[in-house]
Every structure is written in structure tokens, then in C-alpha cells.
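S.K.: got a sequence here, can you model it:
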Amino acid sequence: MFTTRALRQAAAHAERTPMIKFLGPRSIPSSVDHTPKPHPESPSGKLPADFAKSGNSHTSFSTYRDHAQQHGPLQKSIRSGQGIGSVPAAALGDITPPKGVFFDTSELPARFQRAPIDWAEIEAVESGGAPAWN
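M.R.: Numbers count the residues shown, from 1 in each chain. Alright, predicted model coming up:
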């Protein structure tokens, strides 16, 4: 009846050593070299010749983010001195999709739209597949 209590008391008084061995306190390295290096498994062991000329002009993440594209320019709708949403959507440009791109399934050609469900199929689903007794 009191087995759980007895086991808990025994466990509390038992000498227990964890199986995980920790190395010590974590410390942040004072200097980290961020210069580009080739991958250790690279067949040539060196960076491509045009690596520095490939347009990689970003010196920090914030300069990269200023030029990043994610569904449109990130900085286009946020202008300095103005809050988010202060620019009307019409000023951001045209949103019509290019030819062959559709935003909704109802805009697709008829052969790609969903087939209508007939009443017999609805009845079969609602009855769980059992035959309808009339």
C-alpha cells in the first residue's frame, strides 16, 4: 500500500551519481574567425576563384537584411520616420499574378477545379458506407 512512499524515501537517501559528465562552465570565445573557408570535404580544398567578386558586399547581417527579398523588399513598406502601415498598399505596386499563376482554386480552368459531389456520394459518406435501406 505504501510502496511508492517507501521507494521515494529510499531514493531520496540513496547515493546517486549522474551518468552525464559535464565539461565545466560555458564560456564565450574572445575572438571568432568569420573569414570564409572551404568545406572540409571540398574536393579542391579551396574557395571558388570568383567568390570575392560574386556580389557579396554585405559586411554584417543588418546590411544583408536591408537588401534581402522575402515576398518583396523588406524595407520597401517601412520608410524611415514612418511606422509600419503608413504607406498605402496601392503605393507598393501591382499585385496581379503573372500569366499561368493563380491565387485561388476558383480561378483555375474548369478541368482543374474540384468535381462536384453528388447526393449518392454524400449519402454513402454519411452512412459510413452502409447501404441505404429505403
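
S.K.: show me what stretch 108-118 is in contact with.
M.R.: Residues from elsewhere that reach stretch 108-118, judged by C-beta atoms under 8 Å, 6 or more residues apart in numbering: Phe102, Thr105, Ser106. Bear in mind the C-beta positions are built from the backbone N, C-alpha and C, glycine included.

S.K.: can you rerun that using 7 Å?
M.R.: With contact meaning C-beta atoms under 7 Å, 6 or more residues apart in numbering, stretch 108-118 is reached by Phe102, Thr105.

S.K.: what's the span of it, first residue to last?
M.R.: End-to-end distance for stretch 108-118, by C-alpha to C-alpha, to the nearest Å: 21 Å.

S.K.: one more: stretch 95-107?
M.R.: Using C-alpha to C-alpha, the two ends of stretch 95-107 sit 15 Å apart.

S.K.: now do the helices in this structure.
M.R.: Taking DSSP state H, the helices of the chain run over residues 3-13, 61-67, 119-126.

S.K.: quick one: which of those is nearest Gly24?
M.R.: Among the helices of the chain, helix 3-13 comes nearest to Gly24, with 27.9 Å by C-beta to C-beta.

S.K.: ok, residues contacting that closest one?
M.R.: By C-beta under 7 Å, 6+ apart, no surrounding residue is in contact with helix 3-13.

S.K.: return the helix or strand in this protein with minimum mean pLDDT.
M.R.: Of all helical and strand segments in the chain, the minimum by mean pLDDT, DSSP states H and E falls on helix 61-67, at a mean of 68.

S.K.: can you lay out the helices of the chain as TSV showing distance to Arg26 and mean neighbour count?
M.R.: Below are the helices of the chain laid out as TSV (distance: least, C-beta to C-beta, whole Å; neighbours: other C-beta atoms under 10 Å):
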stretch	distance to Arg26	mean neighbour count
helix 3-13	30	9
helix 61-67	23	11
helix 119-126	58	10
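
S.K.: quick one: those helices as JSON lines, columns for distance to Ile20 too.
M.R.: Supplementary listing: the helices of the chain in JSON lines, determined by distance: least, C-beta to C-beta, whole Å:
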{"stretch": "helix 3-13", "distance to Ile20": "18"}
{"stretch": "helix 61-67", "distance to Ile20": "34"}
{"stretch": "helix 119-126", "distance to Ile20": "53"}
